[in-house]
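Asker: Provided below are the primary sequence and the corresponding predicted coordinates.
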Amino acid sequence: MREDNDDYKFAACTFFAKDHPGETCGSNGLPLTPSSVTIIGQAQRLLILKHPNLCTYLDIIRCKHERIIVVAEVIGKSLKETKSKFSFEEIVNIGLQIANALNFLHKLDITHRTLSDDNILIDSNGQVKLFNYGMNYMTKEGNEVAFPIGIPRYFSPETILSGGGPSADVWSFGIILLELCIGKLWQNLKPGPILRRILTLVHAGNAAERIARENDYYDIYKQVPDYLKNIIEKCLKIYPSERATFEELVSELSCLNTKTHVEIKRVRGLMGCDLHVLYHLWQLAGGDVQAELKKNCLIKNSPPILSMPIAILLDGCTIGGKTGALFDRRIAKYSLDLLKLRLSHISPHDFYPLMHEKRKVYDAVTLPKIIRERDTEYQFYRLLWFQRLLKGYPHTAAYIRAEAEVDIPPLLRGDVWAALLGVCGDIESQYERIDKETPTPTDKQIDVDIPRCHQYCLLLCGEAGHRALKRLLKAWLLTNPQYVYWQGLDSLTAPFLFLNFCNEARAFACLQAFVPKFLHNFFLKDNSSVIKEYLAKFWQMAAFHEPELATHLHEINFVPELFAIPWFLTMFSHVFPLHKILHLWDALLVEGPSLPLFMGVGILRQLRDTLLSSGFNECILLSSDLPEIDIGECVKESINMCRSSPRSISYRRYTNEPAVKEPADDVVIPMETLFSEICPRISLSDFFSLVCQDKCCVIDIRSNLLYEKSCIEGSINVPYSGVQLGQHELRALGLRPQRVISEAVKQKKTVVVASAEDETAQLCEFFLGGFSLLASRRRSTSRPDMEGYFDNDLKDVFEADIDPVSRPCLIDIRYRLQVMSSYLTLGMIKMLFPLPREIAR
Amino acid sequence: MATNRTGGAQRPNGAPQTKVCQFKLVLLGESAVGKSSLVLRFVKGQFHEYQESTIGAAFLTQTVCLDDTTVKFEIWDTAGQERYHSLAPMYYRGAQAAIVVYDITNQDTFGRAKNWVKELQRQASPSIVIALAGNKSDLAAKRMVEFEEAQAYADENGLLFMETSAKTAMNVNDIFLAIANKLPKSESGGGAGGAGGARRLADGDTPRASSCCK
């Protein structure tokens, strides 16, 4: 018995969902949702139920031909298999545990309806758990399957007549207790006669006694102690309203219960892990739910020829058309040996990672994410560690973020995302309070969008998914009255619902936290300036990191307005399938709001070669149905770009980020200027740090007069007025600039173009702060003229020596570029210079 | 008005030369009437029950052969939601043809189609060929817009009219062919980017200036 417990932790049963007869289209012209999909959607709620007397549901799988497989925890044996007779004391204890479980289910509005001796499991310690108690719930009272659910002898009279409500469970419970006391009832009778017998009970005064007599158990029944008889009779009342409730039964049984529950020592090590984790690891280690069912003959593969259409002969005999059983009451148990073997070398110590311990580095870290997610051992360590961190949330928020940067175990993604978004507090009651039902004018649009939002996903395409998505959208719109429903909001909400299917409140809280962070003001009624700025910024990032490509795209007039709106408005959730979005957003949530800009560039980079060799039509076609984009690669590249770019170049006005305090960090420019500029601006402080690290090459394009008055050390002067723009080569800038720039490009330095700008006179005093910073760092500069300059009181220099118009001296850092030698085409030179575009042409 | 090129290749039937004309065509209409589905059926011969909503716009191309001409359609499939309305001019500006789509099972979408026609007549190029498509004709049992009503409206406004079904492919190619036939393919139409004959969206106006959602 003991061994049994260890070897088998979970089991599966299988059945077929109903086929839709005839009609295949609903009233909206869309295909009817298959019953199996409805069942999967409905069953999700069962997966999160936890109660000591219920076998935890682990998975609901949909297979070919509308087959459903239910995987759940198992323990010991069913009452049916148990041959030994129980003492009355034990019966009270078993009854109490069953009543506890059913009381729990009834409180959640779940009716069991299929309680029978083969789905009540008991182990050697007397622990009782109900197995597959959700059959009625997941099949919507049996409506989604073509077979009757439950075993007739446990049916209450009203169940037979009209389906029955929760009190039908009380009757079944009564029959179970009666059987435990006196023995199996109506043995050797077929279902028909049993049902008839039950219906005749309607006239009996005392149903329990009558049943006992009918089965020749009356003598035994008389010996049953009164307290038990009393309870049984309270359950077996003909009228459902007269029956006891489980709440009453629990309290009565607990008074009678003498057997104190043996406190079983919690299993340690692998077997002590959470069942969902075990099941997940078991699958990773090669566990195959279907294979085991086939081995146990619960799935029979018959050749197609045997499923011929039915032929009816003249004499009424039928040939062919035999279908397998729609429901098999048997279960297949799964052995965990494989997993145990796989993880046998892990020391017991590793099961309890400590926060302060230095984390081991696993070899797997270098592998692509998709492979890491399938590595049993790696996931084992990650899961344990993340579980530990999540228990400490929100205090461990910083740790979670750091670990999430490496990767997020898929099993815990919902929890980790919520933590990354800072979701905490009483989200349930907040969500509860929002009115999600009252119709609004937006409903019409939501109703047409939801049935086409990520419908390849089993969870989102069912009725349960549709309803939940609608509730989420309505709740969000109501909570954010400043925003309106833009198509695409549905796609944006979908990943959160997918990960938190049974925790709508958390899905909502995540969405609620996500939008202000990443899509601040995107859903305003008039979002034009927000989107315009975003796209302009995206285009500048493209010019910065992919100058050659950007030049080409500029030339063919392939502008982001034509293709990138769905990218950013939905943070790519309208563009990619869910499994790709999950990886994309993993990175997004860790890196923060400027990453999407670089992800856009990352996508372009992957299409680079094709785009470069294509004209407008081909480019736009390519971007409208994105071919196989490698998300792992895209994420990696975009993170690299994001981190290697000075922070200020991705600055946006329309964000929810705190405003810049340091004037030296400021890169605010009028929107009109932003739209006319191809390359991003950089803040003074970022510029200085580039200068100090010798990572940039400065081209000063003011007149040589101004340049001679004051300049940045090491900068080269290419006066704006002297450039021949018709020239295609770098040479056109002059010999020295050509040499310096080529050198800078070779060393992969950033090219910064500094120029005079009208407003700079007023900005001057802000810049002083920045200057002193530079001055203090570069005090030991070798150039004598500059040394003097920096050592002077800067304010004096500005006030005294330079006239107000030319004050800007070094500072109008307009553009900043990373330039590769081969990219220096005419287009690039155009971009280097802040010429109004008409002049450049 | 179209872009004309003389294709050098001999056609298999021995016809001496074929003209190649490019036309910009835009699809307009209320959301979920089946604009994207019509295009997908026409361009790729596919139909997706759960065609996802279009945000902004999508671009596709398809070529059809008439007797002596090859017509290349550059199709802009626009977003249906009213909120994206402000983007629409960017797509229909310079278009030589438009298909305004409504759903025969939904009277409101027909009303919206009429508004689109009005807007096109007012704002788009005066020579634009407009076709009205009553989509989802496979759902005739749930019809809310009578064929005659739509036909009468189309006649009044000089529109091509067909009831189509992207699902069954009924009339899908036909409506595009009808448009191709009606489009002027004169040699005198002028070259690429000629006045009124924008070869592509971006020609003429900078989309940047006119762009974006409102």
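Answerer: Thanks, I have it.
Asker: Quick check: phi and psi at A:Gln455.
Answerer: phi -80, psi 0 (degrees, to the nearest 10).
Asker: show me what contacts it?
Answerer: A:461, B:49-50, B:52 (C-beta atoms under 8 Å, 6 or more residues apart in numbering or on different chains). (Each C-beta comes from the backbone N, C-alpha and C, glycine too.)
Asker: you'd agree A:Leu458 is up against A:Ile40?
Answerer: Yes - counting by C-beta atoms under 8 Å, A:Leu458 touches A:Ile40, with 5.3 Å between them.
Asker: okay, residue 115: pLDDT?
Answerer: Went with chain A since none was named. Looking at A:Leu115, its pLDDT stands at 94.
Asker: not what I meant, chain B
Answerer: 96.
Asker: give me the low-pLDDT residue ranges for the chain?
Answerer: By default, I'm working from chain A. When residues are selected by pLDDT under 70, those of chain A lie in A:1-7, A:21-24, A:26-29, A:261-265, A:301-311, A:318-325, A:358-359, A:661-666, A:720-733, A:755-841.
Asker: other chain: chain B
Answerer: In chain B (pLDDT under 70), the answer is B:1-17, B:186-214.
Asker: Identify, by residue count, the longest strand of it.
Answerer: strand B:18-29 (DSSP state E).
Asker: Kindly report the same for chain A.
Answerer: strand A:8-16.
Asker: Now do that strand: which elements does it pack against?
Answerer: strand A:67-73, helix A:275-284, helix A:289-295, strand A:332-335 (3 or more C-beta pairs under 8 Å, 6 or more residues apart in numbering or on different chains; DSSP states H and E).
Asker: so can I have CSV of the ones you listed showing distance to A:Leu313 and mean neighbour count?
Answerer: Below are the helices and strands packed on strand A:8-16 laid out as CSV (distance: least, C-beta to C-beta, whole Å; neighbours: other C-beta atoms under 10 Å in any protein chain shown):
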stretch, distance to A:Leu313, mean neighbour count
strand A:67-73, 31, 22
helix A:275-284, 48, 20
helix A:289-295, 34, 17
strand A:332-335, 38, 19
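Asker: quick one, which of the ones you listed is nearest to chain B?
Answerer: Chain B sits nearest to strand A:67-73 of all these, at 21.9 Å, using C-beta to the nearest C-beta.
Asker: Can you give the strand pairings for that closest one, parallel or anti for each?
Answerer: Applying DSSP bridges to the sheet, strand A:67-73 is found paired with strand A:8-16 (antiparallel), strand A:57-62 (antiparallel).
Asker: quick one, phi/psi of the residue lying closest to A:Asp375 once chain neighbours are set aside?
Answerer: Once flanking residues are discounted, A:Asp375 sits nearest to A:Ala364: 5.2 Å by C-beta to C-beta, 6 or more residues apart in numbering or on different chains. When read as degrees, to the nearest 10, the backbone of A:Ala364 gives phi -60, psi -20.
Asker: Now do the contacts for A:Ala364.
Answerer: A:371-372, A:375, A:377-378.
Asker: Which helix or which strand is home to A:Phe86?
Answerer: In this structure, A:Phe86 is located outside every helix and strand according to DSSP states H and E.
Asker: Next, count neighbours for it.
Answerer: Residues near A:Phe86, counting by other C-beta atoms under 10 Å in any protein chain shown, number 16.
Asker: could you measure the closest residue to it other than its chain neighbours against A:Glu90, distance?
Answerer: Excluding the flanking residues, the one nearest A:Phe86 by C-beta to C-beta, 6+ apart is A:Leu180, at 5.8 Å. Separation of A:Leu180 from A:Glu90 (C-beta to C-beta, to the nearest Å): 8 Å.
Asker: Who has more neighbours out of those two?
Answerer: Legend: neighbour count by other C-beta under 10 Å for A:Leu180 and A:Glu90, higher for A:Leu180 (25 against 16).
Asker: now for whichever strand or helix holds that one, which elements pack on it?
Answerer: Assessed by DSSP H and E, A:Leu180 sits inside helix A:167-182. For helix A:167-182, the packing partners by 3+ C-beta pairs under 8 Å, 6+ apart come out as helix A:88-107, helix A:157-162, helix A:207-214, helix A:218-223, helix A:226-235, helix A:246-256.
Asker: quick one: the helices in the stretch 251-400 of chain A?
Answerer: Per DSSP state H, counting those that start in this stretch, the stretch 251-400 of chain A carries helices over the ranges A:275-284, A:289-295, A:337-342, A:369-372, A:376-391, A:397-406.
Asker: whoops, chain B was the one
Answerer: B:35-44, B:88-92, B:107-123, B:147-157, B:172-182, B:207-210 (DSSP state H).
Asker: Single out the most deeply packed of the ones you listed.
Answerer: For the helices of chain B, the largest average neighbour count (mean count of other C-beta atoms under 10 Å in any protein chain shown) is found in helix B:35-44, namely a mean of 23.
Asker: what inclination does that one have with respect to helix B:172-182?
Answerer: 80 degrees (axes from the mean of the first three to the mean of the last three C-alpha atoms, to 10 degrees).
Asker: relative orientation of helix B:35-44 and strand B:18-29 in degrees?
Answerer: Using the same axes, to 10 degrees, helix B:35-44 lies at 160 degrees relative to strand B:18-29.
Asker: So what's the residue count around A:Leu161?
Answerer: 11.
Asker: ok, it - contacts?
Answerer: Contacts of A:Leu161 (C-beta under 8 Å, 6+ apart): A:Leu199.
Asker: Apply 10 Å and report the result again.
Answerer: Applying C-beta atoms under 10 Å, 6 or more residues apart in numbering or on different chains, we find A:Leu161 in contact with A:155, A:199, A:202.
Asker: Separate out the buried members of the residues you listed.
Answerer: With burial judged by 16 or more other C-beta atoms under 10 Å in any protein chain shown, the buried subset of the contacts of A:Leu161 is A:Phe155.
Asker: what about the closest residue to A:Thr570 other than its chain neighbours, distance to A:Lys333?
Answerer: Using C-beta to C-beta, 6+ apart and skipping the chain neighbours, the partner closest in space to A:Thr570 is A:Gly488 (4.3 Å). Separation of A:Gly488 from A:Lys333 (C-beta to C-beta) stands at 46 Å.
Asker: Equivalent analysis for A:Cys317, please.
Answerer: The value you get for A:Cys317 to A:Lys333, if C-beta to C-beta is used, is 40 Å.
Asker: same deal with A:Arg62?
Answerer: Taking C-beta to C-beta as the criterion, A:Arg62 is separated from A:Lys333 by 22 Å.
Asker: just A:Pro368 next, same as before
Answerer: 35 Å.
Asker: ditto for A:Trp585
Answerer: From A:Trp585 to A:Lys333 the distance is 38 Å (C-beta to C-beta).
Asker: that older thread, what about the residue nearest to A:Thr570, how many residues nearby?
Answerer: 28.
Asker: which ones are touching it?
Answerer: Counting by C-beta under 10 Å, 6+ apart, A:Gly488 makes contact with A:449, A:453, A:519, A:522-523, A:565-566, A:568-571, A:573-574, B:53-56, B:79, B:81, B:84.
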